[in-house]
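Undergrad: Provide a 3D model corresponding to the input given below.
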Amino acid sequence: AMPYTMFASAVFFAPERHEDCEYRLDPIHIYRCQNGFWECMRIHGSRQKSSKLGEMMRACDQRLRLALDPAHPLKEEKVPKYLAKIIDDEIVAWLSWDAAHQPVKIDIDLSQLGHIRNAAAQTREALLIDEEREDGASAEAEAADSGQPEAGPVADAIVEAVVAPIRQDLTDEPTISTEQFGVVAPLLAPTSAFAAAVPADATNELAPAADAYLRALLEHNAVQAESAVVQSGQSEDMLVDTINETLFDLVGDTVIEFSAAGPQIIEDYEADVRGYLDHE
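TA: Just a heads-up that it's a prediction; the model follows:
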């Protein structure tokens, strides 16, 4: 709620104090008069870019990197101590929650499948009565005559129970992470259809207009940057998004950000961008 002067640009005289009242434009925008004083209750904000919000977001990014990705740090900027404490407390709380909700890892030792089959065969043999042994011997003899070994139903059931989930993963999820389930990597090789969808020679190359735009930002040349935007046939926002997506694999982060002065390359990544353009 902020103090508010009704009709501030008008000249008028109110001989009596206005009665208490409330005018609701919508659920988040209300004008209220109490004891002759007006106030406006609404979500406070601005249509302009907020440098303060940008500083807060950068502080979150910088401190999250220290906790999650120390290999790609951001240069530390001075932030209020209360803000740093809020961010750090939230990072600790989130990491604690994430650690408590880690998925269960399943480790399958494929080298033990043969032992499982042998143990199942021994168990089946111990449970058979004489007549079943005789029937089993006859079946094995027939299988030997045909050249095909006879596998016990109990052993087959046990092995199938172990292998079926792996087979399901192979058919349904060709891109599943082998680290997540601890399964041997060759079992989860991509299918031919998946491999065909990703060209072997795919590269992250910038279009000429995007290249020119990046060079203009490095040289702080607004005229050349505007010319590159026109050349691209896109809006500046879309061009910046395209460049950020293309270079994300290079630095693992957004390269261009919007500041109060307009788009600019983040200082920490200028050397990376120059190296990329020199070797493009």
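Undergrad: and Ile30, which of the three is it?
TA: strand (DSSP: H, G, I helix; E, B strand; the rest coil).
Undergrad: need phi/psi at Ile265.
TA: phi -80, psi 130 (degrees, to the nearest 10).
Undergrad: how many neighbours does it have?
TA: By other CB atoms under 10 Å, the residues close to Ile265 number 19. Bear in mind the C-beta positions are built from the backbone N, C-alpha and C, glycine included.
Undergrad: where does the closest residue to it other than its chain neighbours fall, secondary structure wise?
TA: Setting aside the residues directly before and after it, Ile265 is nearest to Leu217 in space (CB to CB, 6 or more residues apart in numbering), at 5.1 Å. For Leu217, the element it lies in under DSSP states H and E is helix 208-218.
Undergrad: please, where are all the helices along the stretch 51-200 of the chain?
TA: With DSSP state H, counting those that start in this stretch, the ranges of helices along the stretch 51-200 of the chain come out as 51-68, 81-100, 113-127, 130-146, 153-172, 178-181, 192-197.
Undergrad: quick check: angle from the second one to helix 51-68?
TA: So that's helix 81-100. 40 degrees (axes from the mean of the first three to the mean of the last three CA atoms, to 10 degrees).
Undergrad: what's in contact with helix 81-100?
TA: Met56, Ala59, Cys60, Arg63, Leu64, Ala67 (CB atoms under 8 Å, 6 or more residues apart in numbering).
Undergrad: would CSV of those with pLDDT be doable?
TA: Output for these, formatted as CSV (pLDDT from 0 to 100):
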residue, pLDDT
Met56, 91
Ala59, 92
Cys60, 94
Arg63, 91
Leu64, 92
Ala67, 89
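Undergrad: show me which pair in those is furthest apart.
TA: Met56 and Ala67 (16.9 Å; CB to CB).
Undergrad: when these two are compared, which one has more neighbours?
TA: Legend: neighbour count by other CB under 10 Å for Met56 and Ala67, higher for Met56 (16 against 13).
Undergrad: please name the residues that touch the more buried one.
TA: Contacts of Met56 by CB under 8 Å, 6+ apart are Val79, Leu83.
Undergrad: re the thing from before, kindly reformat the contacts of helix 81-100 as CSV containing distance to Ile43.
TA: Putting the contacts of helix 81-100 into CSV (distance: CB to CB, whole Å) gives the following:
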residue, distance to Ile43
Met56, 17
Ala59, 23
Cys60, 21
Arg63, 27
Leu64, 27
Ala67, 31
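Undergrad: how long is stretch 99-106 end to end?
TA: Taking CA to CA, to the nearest Å, stretch 99-106 runs 17 Å from one end to the other.
Undergrad: go on, stretch 101-113?
TA: Counting by CA to CA, you get 31 Å between the two ends of stretch 101-113.
Undergrad: what of stretch 73-92?
TA: Span of stretch 73-92 from end to end, CA to CA: 18 Å.
Undergrad: what are the buried residues along that stretch?
TA: For stretch 73-92, the neighbour count (16 or more other CB atoms under 10 Å) marks Leu74, Val79, Ile87, Ile91 as buried.
Undergrad: hmm, back to that, from Gly114, how far out is the residue nearest to Ile265?
TA: 62 Å (CB to CB, to the nearest Å).
Undergrad: the two: who's more crowded?
TA: Counted by other CB under 10 Å, Leu217 and Gly114 do not tie: Leu217 has more neighbours, with 23 against 10.
Undergrad: in contact with that one: list those residues for me.
TA: Going by CB under 8 Å, 6+ apart, Leu217 touches Ala225, Ile256, Pro263, Gln264, Ile265.
Undergrad: which pLDDT value goes with it?
TA: With respect to pLDDT, Leu217 has a value of 89.
Undergrad: and for Ala197?
TA: pLDDT at Ala197 comes out at 35.
Undergrad: also Ser177?
TA: pLDDT at Ser177 comes out at 45.
Undergrad: could you do Glu280 as well?
TA: Per-residue pLDDT puts Glu280 at 64.
Undergrad: do the same with Ser146
TA: Confidence score, pLDDT, at Ser146: 56.
Undergrad: please renumber so the chain begins at 38
TA: From this message on, residue numbering opens at 38, which makes the last subject Ser183.
Undergrad: in stretch 265-274, which residues are buried?
TA: Using 16+ other CB under 10 Å as the test for burial, stretch 265-274 gives Ala265, Val266, Ser269, Gln271, Glu273.
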